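**Student:** Fold the following, please.
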Amino acid sequence: MSPAIFPCVNFGKEPRVSLKQLSDQALLEAIENLARQERELLTSVLAHLSEMERRRLFSDLGFSSLFDYAVKQLGYSHDAAFRRINAMRLLTALPDMEAKSCSGARTFPTFSMSQTFV
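**Tutor:** I've put the predicted structure just below:
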């Protein structure tokens, strides 16, 4: 039997639980909840990046661009930083897309691909 990729997960303040011990229903509920939280967190990260760009805080910190800050300070890969900044700029240009992002109606890859057409 191969080991689980993520053998344990911490559910809040509860002790770590092995994913193998979860019932099918508990696993389904957990992954759906995590996906929702991931969308909400990503939307929040994009909003923060937008405000950082508006204030040009990256420049105050000695970075030449928001991209440079995202790679060097936040630790994103070049591709991840590029996608997030493109998605952030799309959300800034089209604010009604934020609700679609949180609901899951529009996904992050859709935003980053759409940016090239806007």
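**Student:** For burial, what's the neighbour tally of Ser18?
**Tutor:** For Ser18, the neighbour count with other Cβ atoms under 10 Å is 11. Quick note: C-beta positions are derived from backbone N, CA and C, even for glycine.
**Student:** now the strands for this protein?
**Tutor:** 8-9, 17-18 (DSSP state E).
**Student:** For the ones you listed, which has the smallest mean pLDDT value?
**Tutor:** The minimum mean pLDDT among the strands of the chain belongs to strand 8-9 (a mean of 58).
**Student:** remind me, longest helix of this structure?
**Tutor:** Assignment by DSSP state H gives helix 24-55 as the longest helix of the chain.
**Student:** other SSEs contacting that helix?
**Tutor:** Using 3 or more Cβ pairs under 8 Å, 6 or more residues apart in numbering; DSSP states H and E as the contact test, the elements touching helix 24-55 are helix 66-72, helix 78-93, helix 97-103.
**Student:** So which of these is nearest Lys20?
**Tutor:** helix 78-93 (30.0 Å; Cβ to Cβ).
**Student:** can I have the closest one written out in CSV, keeping just the CAs?
**Tutor:** Presented in CSV, the C-alpha positions along helix 78-93 are these (Å, rounded to 0.1, in the frame of the first residue of the first chain):
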residue,chain,number,x,y,z
HIS,A,78,7.3,33.3,-12.0
ASP,A,79,4.2,31.6,-13.5
ALA,A,80,2.2,31.7,-10.3
ALA,A,81,3.0,35.4,-9.8
PHE,A,82,2.2,36.2,-13.4
ARG,A,83,-1.2,34.4,-13.2
ARG,A,84,-2.1,36.1,-9.9
ILE,A,85,-1.2,39.6,-11.1
ASN,A,86,-3.1,39.1,-14.3
ALA,A,87,-6.2,37.8,-12.5
MET,A,88,-5.9,40.7,-10.0
ARG,A,89,-5.9,43.2,-12.8
LEU,A,90,-8.9,41.6,-14.4
LEU,A,91,-10.8,41.7,-11.1
THR,A,92,-9.7,45.3,-10.7
ALA,A,93,-11.0,46.2,-14.1
